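1. mind folding the following:
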Amino acid sequence: MKLTLAESRFLKDPINIISELVNEVTLKIKGDNVELVAMDPANVAMVKFNLLSSAFVEYSVEKPIDISVNLDNLKHILRRAKSSDVLSLELNGNKLKIEFSGDSKRTFNLALLDLDDQGHKEPDLKFTGKVEMSSSILDEAIEDMGVVSDAVLIGLEKENISIQASGNMSNAKINMPASEDINIKLDGEKISSKYSIEYLRKMMKGAKLTDSAHIYLGNDYPLKIEYKVRDKMSLQFILAPRVKND
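-> Numbers count the residues shown, from 1 in each chain. Modelled structure (predicted):
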């Protein structure tokens with residue numbers, strides 16, 4: 001197995017974001033992609049990362065293989081990659097050889113973990129609402145709500161998405177009408193669900209990957225947020241709703 005990325009950010013940035021939610025993961029290296037599916041320790045959030053073979057300048061995989069790693073350790077190594085470095089991954093016994101090639105050649109060997117196959121699979125969810133919007137605007141909206149509460153209520157109507165929060169002393173609300181920059185699709189009249197801001201803040205870090213975010217919603221239903229770079233990668237989060245009166 002040898003995988004070579006000319007743009008290390010396609011692995012470096014997602015791993016840095018995912019490490020906010022989970023610590024130990026299994027990378028499934030297949031014939032046409034590298035996939036990671038994991039649940040956070042509280043079973044509140046799921047993350048799914050897919051790095052396509054088309055993102056690599058070299059993708060040599062003789063047979064599918066699972067590689068389990070500590071994300072904190074991998075993150076610290078990947079942080080040493082410069083934006084101009086070419087990143088290569090190879091198996092070296094019971095270690096993952098990570099090499100950065102640029103002005104110099106730097107090699108790290110990361111010990112692999114022996115994890116049980118957790119077999120996490122994306123749940124079969126039927127969303128009734130979808131929004132495509134600027135990832136930075138969504139990020140700012142969540143940060144605004146975090147000033148007054150630890151939970152946010154996201155509401156969706158045919159022509160409007162609202163984000164609001166209420167605390168003991170304060171409340172806040174943002175209304176964003178449908179436009180060229182905010183594309184809303186909704187089956188039915190309106191829906192709303194409440195979610196943890198702590199988790200959303202971690203997921204919003206995906207805004208650095210791409211300019212747009214795809215949000216999938218239902219009424220008192222899990223939330224899915226997807227960040228996509230065409231023909232390169234996708235990063236998805238699924239977050240369980242909170243009870244509205246908690």
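
2. need the three-state assignment for Phe10.
-> Judged by DSSP: H, G, I helix; E, B strand; the rest coil, the three-state class of Phe10 is helix.

3. and it, what pLDDT?
-> Phe10 carries a pLDDT value of 97.

4. which residues in this structure form helices?
-> 9-18, 71-78, 135-145, 197-203 (DSSP state H).

5. please name the bridge partners of the closest residue in space to Met46 that isn't next to it in sequence.
-> Leaving aside its sequence neighbours, Met46 sits nearest to Ile238 (CB to CB, 6 or more residues apart in numbering; 4.3 Å). All C-beta atoms are positioned from the backbone trio N, CA, C, and that covers glycine. As for beta bridges, Ile238 partners with Met46, Lys224 under DSSP bridges.

6. what residues are up against Ile238?
-> Neighbouring residues of Ile238 by CB atoms under 8 Å, 6 or more residues apart in numbering: Ala45, Met46, Val47, Lys48, Glu122, Pro123, Leu125, Pro222, Leu223, Lys224.

7. that one and Ser83, how far apart?
-> 30 Å (CB to CB, to the nearest Å).

8. let me know the outermost residue of this protein.
-> Farthest-out residue of the chain from its mean C-alpha position, per CA atoms, centre = their mean: Met169, at 32.7 Å.

9. what about Lys2, neighbour count?
-> 15 (other CB atoms under 10 Å).

10. that one reaches Ser88, doesn't it?
-> Yes. Applying CB atoms under 8 Å as the test, Lys2 and Ser88 come out as touching, 6.6 Å apart.

11. who touches both of those two?
-> Residues touching both Lys2 and Ser88 (CB under 8 Å, 6+ apart): Glu58.

12. domains for this structure, by residue range?
-> Taking automatic domain parsing as the reference, the chain has its domains at 2-111, 129-239.

13. format the helices of the chain as JSON lines; extra columns: distance to Pro41.
-> Formatted as JSON lines, the helices of the chain follow (distance: least, CB to CB, whole Å):
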{"stretch": "helix 9-18", "distance to Pro41": "13"}
{"stretch": "helix 71-78", "distance to Pro41": "13"}
{"stretch": "helix 135-145", "distance to Pro41": "22"}
{"stretch": "helix 197-203", "distance to Pro41": "12"}
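
14. the ones you listed into a markdown table, with extra columns for distance to Ala55 and mean neighbour count?
-> As requested, the helices of the chain are arranged in a markdown table below (distance: least, CB to CB, whole Å; neighbours: other CB atoms under 10 Å):
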| stretch | distance to Ala55 | mean neighbour count |
| --- | --- | --- |
| helix 9-18 | 5 | 21 |
| helix 71-78 | 15 | 18 |
| helix 135-145 | 19 | 19 |
| helix 197-203 | 21 | 20 |
